[in-house]
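1. okay, predicted coordinates and the sequence, questions at the end:
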Amino acid sequence: MKALRTPRQLYRVAIMHLGNMIGNMNGSVAAEFALIAPVLVLLAAGVADFGLLADKSAGMAATVRIGAEFARIHPDDTSGIQNAMRSAMNFVPPLVFSGNFPRRCECDDGTPIACRESCATVGRPSPNRVFIRITANQSFTPIVAWPGIPTLVTGTTEIRLQ
């Protein structure tokens, strides 16, 4: 009959078997890492790109809202709208604006009308509704060129003045 092993003997046997298993891997850990590392790097770059794009998009939306608030008070001051948007956020590269902020007008019933006319003079329900479209663009350079990630981020809003 074999003698029972003590816990200390069992521990030594377990360590010996573990050492044999580790010693027999012969570079398999390095091979597995070589296969997985590029996938992990691409995954991290994708997360970073989408995060940067989301941050830039949120900043553009906030900047356009600031321009809309300025346009609500000073609707005819195109350069003032642009300056308010530029000074609100420090963007690198700089924001790109259209030369003007297009307007469209309509009567209360939704009929389009020239902005210099009055709805009351053409027999439509008053008052005139004036809409100003504010748009700004900024280039975006992702870390990795991914399909579906734009290289230009655009912020657009339309405000209604009465």
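-> Thanks, I have it.

2. any idea how far the one residue sitting closest to the centre of the chain lies from Val144?
-> Central residue of the chain (Cα atoms, centre = their mean): Ala54, 1.8 Å from the mean position. Applying Cβ to Cβ, to the nearest Å, the value for Ala54 to Val144 is 16 Å. C-beta: built from backbone N, CA, C; applies to glycine.

3. swap in Pro150?
-> Taken as Cβ to Cβ, the span from Pro150 to Val144 is 14 Å.

4. please identify the helix or strand for Ile159.
-> strand 152-161 (DSSP states H and E).

5. who does that strand pair up with?
-> Strand pairing for strand 152-161, using DSSP bridges, gives strand 129-139 (antiparallel).

6. angle of the top helix by length along the chain against strand 152-161?
-> The longest helix of the chain (DSSP state H) is helix 28-73. Taking axes from the mean of the first three to the mean of the last three Cα atoms, to 10 degrees, one finds helix 28-73 and strand 152-161 inclined to each other by 30 degrees.

7. how far out from the middle of the chain is helix 28-73?
-> 7 Å (Cα atoms, centre = their mean, to the nearest Å).

8. please save the CA atoms from the helix or strand that that helix is followed by in CSV.
-> Toward the C-terminal end, the helix or strand that comes next after helix 28-73 (DSSP H and E) is helix 78-88. What follows is helix 78-88 as a C-alpha-only set of coordinates in CSV (Å, rounded to 0.1, in the frame of the first residue of the first chain):
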residue,chain,number,x,y,z
THR,A,78,-23.6,87.8,-41.4
SER,A,79,-20.0,88.6,-40.2
GLY,A,80,-21.2,88.8,-36.6
ILE,A,81,-22.8,85.3,-36.8
GLN,A,82,-19.5,84.0,-38.2
ASN,A,83,-17.4,85.8,-35.5
ALA,A,84,-19.7,84.5,-32.8
MET,A,85,-19.2,81.0,-34.0
ARG,A,86,-15.5,81.3,-34.4
SER,A,87,-15.0,82.8,-30.9
ALA,A,88,-17.3,80.3,-29.2
